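Student: Need the 3D shape of this:
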Amino acid sequence: MSVPGPPSLDGVLAGPPDGLEAGGPTPGLSDTSPDEGLIEDLTIEDKAVEQLAEGLLSHYLPDLQRSKQALQELTQNQVVLLDTLEQEISKFKECHSMLDINALFTEAKHYHAKLVNIRKEMLMLHEKTSKLKKRALKLQQKRQKEELEREQQREKEFEREKQLTAKPAKRT
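Tutor: Numbering: from 1, shown residues only. Modelled structure (predicted):
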């Protein structure tokens, strides 16, 4: 009788179990090659793995497809929201620019009013200068007339004095 070998790390005996001698027939196994059973087991295992995979897929695939669809809808909704947000931002920018334009129009009205006042003042000053020019011309004409009258008066006086001065008599 042989002694079993030391246990392997996975807990399986390394040697033949008790009651089995080396080289003796193994009960339940045929004299065929050990690889033949493995091929059948592999095909059975492949079928089992395939069936398990199909079962797993059939169980989780609908949920995954629904999740995929929901994610696609969310992505589309995000795109729509981003477009809407961009439009709203552009509207706010337009409103802000409209406020700037309104401020410019208000400033333009203010300066227009200033220009109108300046024009009125210039017209008033023009009228005053025209009146002053007319008055100055009248005064100049009056002074010239007075000067002329004085000159004529002097000449008359000079002539009168000339006539009043004694003249030597003419001898005839």
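Student: quick one: low-confidence ranges for this structure?
Tutor: With pLDDT under 70 as the threshold, the chain has low-confidence stretches at 1-42, 166, 169, 172.
Student: just the strands in it please.
Tutor: Counting by DSSP state E, one finds no strands in the chain.
Student: Return stretch 60-80 as CSV; C-alpha atoms alone will do.
Tutor: C-alpha atoms of stretch 60-80 as CSV (Å, rounded to 0.1, in the frame of the first residue of the first chain):
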residue,chain,number,x,y,z
TYR,A,60,-29.3,42.6,-18.8
LEU,A,61,-29.5,43.6,-22.5
PRO,A,62,-33.1,45.2,-22.4
ASP,A,63,-32.0,47.3,-19.4
LEU,A,64,-28.8,48.3,-21.1
GLN,A,65,-30.7,49.2,-24.3
ARG,A,66,-33.2,51.3,-22.3
SER,A,67,-30.3,53.0,-20.6
LYS,A,68,-28.6,53.6,-23.9
GLN,A,69,-31.8,55.1,-25.3
ALA,A,70,-32.2,57.2,-22.2
LEU,A,71,-28.6,58.5,-22.5
GLN,A,72,-29.2,59.3,-26.2
GLU,A,73,-32.4,61.2,-25.3
LEU,A,74,-30.5,63.0,-22.5
THR,A,75,-27.7,63.9,-25.0
GLN,A,76,-30.2,65.2,-27.5
ASN,A,77,-32.0,67.2,-24.8
GLN,A,78,-28.6,68.6,-23.7
VAL,A,79,-27.9,69.7,-27.3
VAL,A,80,-31.3,71.4,-27.5
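Student: Please compute how far it lies from its chain's middle.
Tutor: Mean-position distance between stretch 60-80 and its chain equals 31 Å (CA atoms, centre = their mean, to the nearest Å).
Student: in stretch 94-103, what's buried?
Tutor: Of all the residues in stretch 94-103, not one is buried under the rule 16 or more other CB atoms under 10 Å. Bear in mind the C-beta positions are built from the backbone N, C-alpha and C, glycine included.
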